[in-house]
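K.L.:
Structure, please.
(chains A and B, ligands or ions: 2)
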Amino acid sequence: MSKYIATTTKDIKLLVRDIAGLAMLFGMPMVLIIVMTLLQDSTFKALEEKKLPIAIVNLDQDTFGVSIVEGLSTSKFFHVSELGRNYNSIEELKKQVTDGNYQIGIVINKDASNLLRNNIKYNILQQLPAEDSLIFGNDPISLMKSVGIDIYFDPITKNSFKQSIVSALNQYSSGVESKIMFEVYSSLFQELLGMEMRNQGDFSNLVDVQTLYAGDNEEFVPNSVQHNVPAWTIFAMFFIVIPLAGNIIKERESGISTRLRIIAGSNLPIILGKVTTFFFVGLIQAISMLLVGIFVLPLFGLPQLIIGGNYLTLLVLTASISLAASGYGVVIGTIASSQEQASIFGSISVVILAAIGGIWVPVFIMSDFMQILSMISPLNWALNGYYDVLLRNSGMMEIMPYMLTLIGFFAFCITIAWFVRNRREMA
Amino acid sequence: MSVSINISSLTKRYKNTEINAVDNISLAINKGEVFGLLGPNGAGKTTTISILCSLLKATSGTVEIMGKNLATDLYEIRSKIGMVPQDIALYPNLTAMENLNFFGRMYGIDAKVLTERKKELLHVFGLSEKAHQRIATFSGGMKRRINLITGILHMPKILFLDEPTVGIDVQSRTVIMDYLMTLMDNDMTIVYTSHHMEEAEKYCSRVAIIDMGRVIENGAPKELIHRYSECNNLEDIFLEITGRSLRD
Ligand SMILES: Nc1ncnc2c1ncn2[C@@H]1O[C@H](COP(=O)(O)OP(=O)(O)OP(=O)(O)O)[C@@H](O)[C@H]1O
Ligand SMILES: [Mg+2]
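P.N.:
Ligands and ions are numbered 1, 2, ... in the order given. Below you'll find the model as predicted:
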């Protein structure tokens, strides 16, 4: 026990004295997390801001036309420009679309609203008994051909765009139709029953399709921050492999481990002392990075990291990740024959394990083969654990499998390191 | 005089090599003597010492230390020996005191005893003032001295030193060798390697001259000088029997 404490104090001292090393251990990950989150967030936004430009000439200027323009303008998929309100504007619109300034041109025809009203009245009359045929006045009402909207497409417009605009227009039109129908019915009721109708209500979304995320807690929908902060936290934690392996190799190269070998006793306190030191490094790293997610990222205009309420689960999970990373460092430091080998192999292997594990690109968009492969990466276990705690609000029992595999990985690494060390002693 | 270390037919061949680095060495080293292992570069001194302090496994042959077999009673033997390596095996970013504290605790020395030993040894080797400076700031001589202190903190029964006086000034060397003499007076057995023939002649009770892994001569320096009547000192004898050709 006293040997273990001696090694730990010594290693902590060595670490604290290495100011440059410390700055790298704690400063770089924070920079990394801010840069990566910003980067991915702006890509995300750029995708979102790629709205489809639409030119509109609204000759109707009544309920129908106004509602359609309003509907398109508030959609996040279209960028709407109104060109003018006379017949010349139609020529202008065609020219602009042909020139490729707009992919889509929309003309809302004159009197579209009135025609619609007329046709609705006609339909109502068909339903009423013959004696009520003059209810809308003395003029005869006949069914008129109504083309409310003309759409002009740039020939290169993709089919998917065409479909999305047509379906959007259909959606808005039917909304307006019901609105106008209701208008007509209200005036009719008013006429027949002398009852004042309150023309209120929303007819646009009487039936709506809702998109939901499968999960218990709808609030935790992943965004750039919720993915990136845990992902890069894990990545940075695994980079303690390099200073840890370096520490072990330095001891070997300087002859210190030879000296320690003669000092009777087991290797275990020496290994565990290092693990303890770097375990806390990883833990502090993780905590500081999560704090960056909560307090610093919002300063950059990013959403705040939401960590839910399971602090203990989060801490225990983070501890198992740190343990796994330390174990990996010990095994690399023990097997590698030089400082260079350890840092090159250490960093590249961590990058590969990160890529496989879904740190760079989320696992669910990988191919089936890669999805299976991802399961060999401890960084993947760690990331899944974080997803569960942060996004799905899982508790200790639910993430137990991840924690156990991480701790198992640690135990596996230490066993190998210990075995190799002992074997080497007997050389 | 009782035998402290008994080496018989010791041979070591490193993996993937053609020749024996240590070739059938047999020696008996007595309790309380300073025994010098001398020889040109690559003679096999470090290899021999490494085997004796259990850092390296012999290919064949046996070593008995204080009556115990090195191959079977490894841990018991390790607790009774001390080793001062050829390299400065210390943490450069820790102070002298911190290094001593760490190794002292690794030896399992009682805290009170450790405090006293540190104080005494730092004083003897003129490092009291520098105790709280980092090893990285030390001169070569100071590093050698603290390297030595680290190896004897636990006062072993047998002490192995691999070139403890290499690359240092006469002052440091004298302090080190004089201190080793006082340890010998306290019945410690000391085995050390050196390239300084004059030093060996002055301090060693007996020496073995090794070349190409073999002991080619051994005995008390005075006795050897007597035997090689044409030679005036140990260095002449050394050149006489190991030749003048350069070594790898
Ligand atoms: N790890 C090793 N693997 C293979 N050969 C080795 C190894 N260590 C030493 N040797 C070889 O064994 C022989 C003896 O080396 P050793 O280091 O014991 O010599 P030495 O007497 O200590 O020399 P020096 O005075 O230069 O320290 C040399 O030929 C050396 O090249
Ligand atoms: Mg040597």
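K.L.:
Show the pLDDT at residue 203.
P.N.:
All of this refers to chain A. Reading off the per-residue confidence, A:Phe203 sits at a pLDDT of 55.
K.L.:
nope, chain B please
P.N.:
B:Tyr203 carries a pLDDT score of 92 in this model.
K.L.:
got a list of what the residue nearest to it when sequence neighbours are not counted touches?
P.N.:
Nearest non-adjacent residue to B:Tyr203, counting by CB to CB, 6 or more residues apart in numbering or on different chains: B:Met177, 5.1 Å away. Quick note: C-beta positions are derived from backbone N, CA and C, even for glycine. Applying CB atoms under 8 Å, 6 or more residues apart in numbering or on different chains to B:Met177 gives the contacts B:165, B:199, B:202-203.
K.L.:
which SS class is the residue nearest the centre of chain B?
P.N.:
In chain B, the residue lying closest to the centroid (CA atoms, centre = their mean) is B:Leu161, at 1.8 Å. Look at B:Leu161: counting by DSSP: H, G, I helix; E, B strand; the rest coil, its state is strand.
K.L.:
just the one 5 residues further on next, same as before
P.N.:
Secondary structure assignment for B:Val166 (three-state DSSP): coil.
K.L.:
tally of neighbours for it?
P.N.:
14 (other CB atoms under 10 Å in any protein chain shown).
K.L.:
Please name the residues that touch it.
P.N.:
Contact partners of B:Val166, counting by CB under 8 Å, 6+ apart, are B:86, B:144, B:194-195.
K.L.:
least confident pick among these?
P.N.:
Among the contacts of B:Val166, pLDDT bottoms out at B:Gln86, giving 87.
K.L.:
Confirm for me that it is in contact with B:Lys45.
P.N.:
No: with contact defined as CB atoms under 8 Å, B:Gln86 does not count as touching B:Lys45 (9.2 Å).
K.L.:
Only alpha carbons, please: show the longest helix anywhere in chain B as CSV.
P.N.:
Ranked by number of residues, the top helix in chain B under DSSP state H is helix B:170-185. Output for helix B:170-185, consisting of C-alpha atoms alone and laid out as CSV, is shown next (Å, rounded to 0.1, in the frame of the first residue of the first chain):
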residue,chain,number,x,y,z
VAL,B,170,38.8,13.5,-8.6
GLN,B,171,37.0,15.1,-5.7
SER,B,172,33.7,13.3,-6.4
ARG,B,173,35.5,10.0,-7.1
THR,B,174,37.5,10.2,-3.8
VAL,B,175,34.3,10.9,-1.8
ILE,B,176,32.6,8.0,-3.4
MET,B,177,35.5,5.5,-3.0
ASP,B,178,36.2,6.6,0.5
TYR,B,179,32.6,6.1,1.5
LEU,B,180,32.6,2.6,-0.1
MET,B,181,35.6,1.8,2.1
THR,B,182,33.6,2.7,5.2
LEU,B,183,30.8,0.5,4.0
MET,B,184,33.2,-2.4,3.5
ASP,B,185,34.5,-1.8,7.1
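K.L.:
tell me what the following helix or strand past that helix is packed against?
P.N.:
Later in the chain than helix B:170-185, the nearest helix or strand by DSSP states H and E is strand B:189-194. If you count contacts as 3 or more CB pairs under 8 Å, 6 or more residues apart in numbering or on different chains; DSSP states H and E, strand B:189-194 packs onto strand B:3-12, strand B:22-30, strand B:34-38, helix B:45-52, strand B:158-162, helix B:170-185.
K.L.:
give me the number of residues near A:Val16?
P.N.:
The number of residues packed near A:Val16 is 12, by other CB under 10 Å.
K.L.:
And A:Gly65, by the same measure?
P.N.:
By other CB under 10 Å, the residues close to A:Gly65 number 25.
K.L.:
Give me the distance between it and B:Leu10.
P.N.:
105 Å (CB to CB, to the nearest Å).
K.L.:
where in chain B is pLDDT low?
P.N.:
Applying pLDDT under 70 to chain B flags the ranges B:1, B:244, B:248.
K.L.:
re the thing from before, run the chain-centre distance for the longest helix of chain B.
P.N.:
Here helix B:170-185 shows a centroid-to-chain-centroid distance of 13 Å under the convention CA atoms, centre = their mean, to the nearest Å.
K.L.:
okay, how far is it across stretch A:95-107, tip to tip?
P.N.:
With CA to CA, to the nearest Å as the measure, the ends of stretch A:95-107 fall 13 Å from one another.
K.L.:
tell me the secondary structure for B:Met83?
P.N.:
For B:Met83, the reduced secondary structure class is strand; criterion used: three-state DSSP.
K.L.:
Neighbours of it, how many?
P.N.:
B:Met83 is flanked by 28 other residues according to other CB under 10 Å.
K.L.:
if I pick it, what's in contact with it?
P.N.:
By CB under 8 Å, 6+ apart, B:Met83 lies in contact with A:259, A:262, B:49, B:53, B:55, B:151, B:159-162.
K.L.:
the more surrounded of B:Gln86 and B:Lys45?
P.N.:
Neighbours were counted for B:Gln86 and for B:Lys45 using other CB under 10 Å; B:Lys45 has more, 25 against 17.
K.L.:
could you give me the average pLDDT of whichever strand or helix holds A:Thr313?
P.N.:
Following DSSP H and E, the helix or strand that holds A:Thr313 is helix A:311-335. Predicted confidence along helix A:311-335 averages 95 (mean pLDDT).
K.L.:
May I see the buried residues of it?
P.N.:
Within helix A:311-335, the residues that count as buried by 16 or more other CB atoms under 10 Å in any protein chain shown are A:313-314, A:316-335.
K.L.:
for stretch B:198-212, same thing?
P.N.:
Of the residues in stretch B:198-212, those scored as buried under the neighbour-count criterion (16+ other CB under 10 Å) are B:199-201, B:203-212.
K.L.:
list the contacts for the residue nearest to the centre of chain B?
P.N.:
With CB under 8 Å, 6+ apart as the criterion, the residues that contact B:Leu161 are B:83-84, B:148, B:151, B:180, B:190-193.
K.L.:
next one: B:Lys143
P.N.:
Under the criterion of CB under 8 Å, 6+ apart, the neighbours of B:Lys143 are B:88, B:90, B:135.
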